[in-house]
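Colleague: Structure for this input, please:
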Amino acid sequence: MLRAMIVDDEAPARSELRFLLEETGRVDAIVEASSARDAVEKLMDGRPDVLFLDVSMPKTNGMQLAEALHKLKNPPAVVFVTAYSEYALEAFDVDAVDYLMKPVETERLEHALDKVIARGKGNSAPSAPAERIPVEKGGRKVLVPIDQIRYIEAKDDYSCIYTDTDRYLSVISLAQLEAKLSPHGFFRVHRGYIVNLQYVEDVEVVSSGVMQLGIQGVEGKKISVSRRRVVQLKRALGL
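Modeller: Numbers count the residues shown, from 1 in each chain. Below you'll find the model as predicted:
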């Protein structure tokens, strides 16, 4: 069972979320805080496993509180609960577990709790947090672990992020994603593509002399490699 704190300056919003959490049967202790300062004071009495945190609050907002908590050695998991979608990228930067839009749907709340539990909060040995990318799916914000990403493709003003089972849209540019993901084994093979090198399944040189990559878990997709990036890619793959 999880211990939770709800941080929201609106009492009705806190009451509604408390009701939904109690309905899940997965939370056995819930503390409410009406401001970031109130939350900090109550955190001194005992750290919960997860904070359900509103973004828009007077004085110190939820994002500022999350940034401060993120600097702790063993911070509680943070799930943002907000009416504003534009803060999802900042949520990514403070390593939020999930980003829920108001009014909160029971299914999405259950999914967020799954993520908190999977991350190891609520036991004595929490696992290291995984890097995630904020994306759009079905009109909602989702945080996708980078180790699930096969490749990324530029599409107009968006980036299409592909896993083995799904496709997501992100407003983060390919250049920004390249800078973020390069230290994690991703490689910009073309001006329109970034690939996760751990999922490169085969390398083929076609009749035109162009190198193409096959991606594990993505049937029928071949990604062309820019000629000027071939040497660097071969070195990265150990070829």
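
Colleague: how does this structure divide into domains?
Modeller: Per the record, the chain has its domains at 2-129, 145-237, by automatic domain parsing.

Colleague: Tell me which of these sits most buried.
Modeller: Highest mean neighbour count of the domains of the chain: domain 2-129, a mean of 17 (counted as mean count of other CB atoms under 10 Å). (Each C-beta comes from the backbone N, C-alpha and C, glycine too.)

Colleague: Val230 looks like it's in a helix, true?
Modeller: Yes: secondary structure assignment places Val230 in a helix (DSSP: H, G, I helix; E, B strand; the rest coil).

Colleague: Quick check: it vs Val210, distance?
Modeller: 9 Å (CB to CB, to the nearest Å).

Colleague: Likewise for Arg227?
Modeller: From Arg227 across to Val210, the span is 8 Å (CB to CB).

Colleague: what residues does stretch 178-188 touch?
Modeller: Here stretch 178-188 makes contact (CB atoms under 8 Å, 6 or more residues apart in numbering) with 131, 133, 146-147, 149, 152, 172, 174, 177, 194-198, 229, 232-233, 236.

Colleague: The same query, at a cut-off of 6 Å, please.
Modeller: 146, 194-198, 236 (CB atoms under 6 Å, 6 or more residues apart in numbering).

Colleague: what about the helices in the chain?
Modeller: Using DSSP state H, the helices of the chain run over residues 11-24, 36-43, 62-70, 88-93, 106-118, 174-181, 230-237.

Colleague: Dump the ones you listed to CSV, plus distance to Glu204.
Modeller: Below are those laid out as CSV (distance: least, CB to CB, whole Å):
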stretch, distance to Glu204
helix 11-24, 49
helix 36-43, 54
helix 62-70, 43
helix 88-93, 35
helix 106-118, 37
helix 174-181, 24
helix 230-237, 13
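
Colleague: Select, out of the ones you listed, the one closest to Val203.
Modeller: For Val203, the closest of the helices of the chain is helix 230-237, at 7.1 Å, according to CB to CB.

Colleague: pull the CA atoms of that closest one into PDB?
Modeller: C-alpha atoms of helix 230-237 as PDB (Å, rounded to 0.1, in the frame of the first residue of the first chain):
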ATOM      1  CA  VAL A 230      28.000   6.300 -42.100                       C
ATOM      2  CA  VAL A 231      31.600   6.300 -40.700                       C
ATOM      3  CA  GLN A 232      30.500   7.600 -37.300                       C
ATOM      4  CA  LEU A 233      27.600   5.100 -37.200                       C
ATOM      5  CA  LYS A 234      29.900   2.200 -38.100                       C
ATOM      6  CA  ARG A 235      32.200   3.200 -35.300                       C
ATOM      7  CA  ALA A 236      29.300   3.500 -32.900                       C
ATOM      8  CA  LEU A 237      28.000   0.000 -33.800                       C
END
